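**Student:** I would like to see how this sequence folds:
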Amino acid sequence: MDRRTFINEYKNIANERKSKIEEVKALRELLSNRKTEIETLAKGIRIPIGVLRKKIEDTEWTIQTRVLTPEQENEYIRKLRIYNSLLEKALKLKKTREETLELRALYMSLRTEITALTNKATKLRETINIKTKEISVLKEKLNNTVAQYNGIKNRIEALRREYELLSNELASMVLMLNTLRQRYQEIQKLIERARTT
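**Tutor:** The predicted structure follows:
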């Protein structure tokens, strides 16, 4: 994979991690509120749910089966209300504790996911750094190659100009040589004529 692919994957993981962290923060606050709620509910409840149910059952049975004076009946009804209220709170406490355990499990699961995402992001960042260094080395090699190419190109251009100058100079010298040869031949002819006359 190329560097851009790794960077896109890193961004996706970073966004996912950020989202999970927000969830964890919200859960932590919710768990703190639940803890306070449990502590408040637990203060008024010292009797187990099974015992409370038994007391309610016994009290209802007494009211239904025994002959009671109005005062006694009122007292049993008062106790029944108290037991029912306590049972309602105890059931609410139990439900809240169960929900809190589920929330805590979710909280721990999210923290584990965040740790895994952090590790993955760290490895990707290391890979991106390696790829960046590789690209930097390749860029440096390319720049050196381009510089060498430009140097050779300039040298070839200089040699071409030098060749043109030398070619022109040679052509000029050949022309001069031909002129001199022609002049020499003319002089030779003049000498020949001079001898014959």
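**Student:** I'd like the average pLDDT over the helix or strand Ser109 falls within.
**Tutor:** In the assignment (DSSP states H and E), Ser109 maps to helix 70-196. For helix 70-196, the mean pLDDT works out to 93.
**Student:** show me what it is packed up against.
**Tutor:** Judged by 3 or more C-beta pairs under 8 Å, 6 or more residues apart in numbering; DSSP states H and E, the packing partners of helix 70-196 are helix 3-43, helix 49-65. For the C-beta atoms, the positions are set from N, CA and C on the backbone; glycine is no exception.
**Student:** which other helices and strands does the first one contact?
**Tutor:** Contacts of helix 3-43 with other secondary structure elements, assessed using 3+ C-beta pairs under 8 Å, 6+ apart, are made with helix 70-196.
**Student:** cool, the last one as well?
**Tutor:** Using 3+ C-beta pairs under 8 Å, 6+ apart as the contact test, the elements touching helix 49-65 are helix 70-196.
**Student:** report the angle between the helix it packs on and helix 49-65.
**Tutor:** Computed by axes from the mean of the first three to the mean of the last three C-alpha atoms, to 10 degrees, the angle separating helix 70-196 from helix 49-65 equals 150 degrees.
**Student:** gap between helix 70-196 and the chain center?
**Tutor:** In this view, helix 70-196 has its centroid 17 Å away from the chain centroid, taken as C-alpha atoms, centre = their mean, to the nearest Å.
**Student:** kindly report the same for stretch 54-73.
**Tutor:** Stretch 54-73 sits 68 Å away from the centroid of its parent chain (C-alpha atoms, centre = their mean).
**Student:** and stretch 190-197, by the same measure?
**Tutor:** Offset of stretch 190-197 from its chain centre (C-alpha atoms, centre = their mean): 105 Å.
**Student:** ok, now stretch 11-23?
**Tutor:** 8 Å.
**Student:** residues in contact with stretch 84-92?
**Tutor:** Contact partners of stretch 84-92, identified using C-beta atoms under 8 Å, 6 or more residues apart in numbering, comprise 41, 44-45, 47-49, 52-53, 56.
**Student:** rerun at 7 Å
**Tutor:** Contacts of stretch 84-92 from elsewhere in the structure, counted by C-beta atoms under 7 Å, 6 or more residues apart in numbering, are 41, 44-45, 47, 49, 52-53, 56.
**Student:** what's the local residue count around Leu41?
**Tutor:** As a burial measure, Leu41 scores 16 neighbours (other C-beta atoms under 10 Å).
**Student:** ok, it touching Leu93?
**Tutor:** Yes. If you go by C-beta atoms under 7 Å, Leu41 and Leu93 touch, sitting 4.3 Å apart.
**Student:** so what's the residue count around the closest residue to Arg111 other than its chain neighbours?
**Tutor:** The shortest distance from Arg111 to any non-neighbouring residue, by C-beta to C-beta, 6 or more residues apart in numbering, is to Val24 (6.2 Å). Residues near Val24, counting by other C-beta under 10 Å, number 17.
**Student:** does Val24 really touch Leu110, like I thought?
**Tutor:** Yes. Using C-beta under 7 Å, Val24 is in contact with Leu110, at 5.0 Å.
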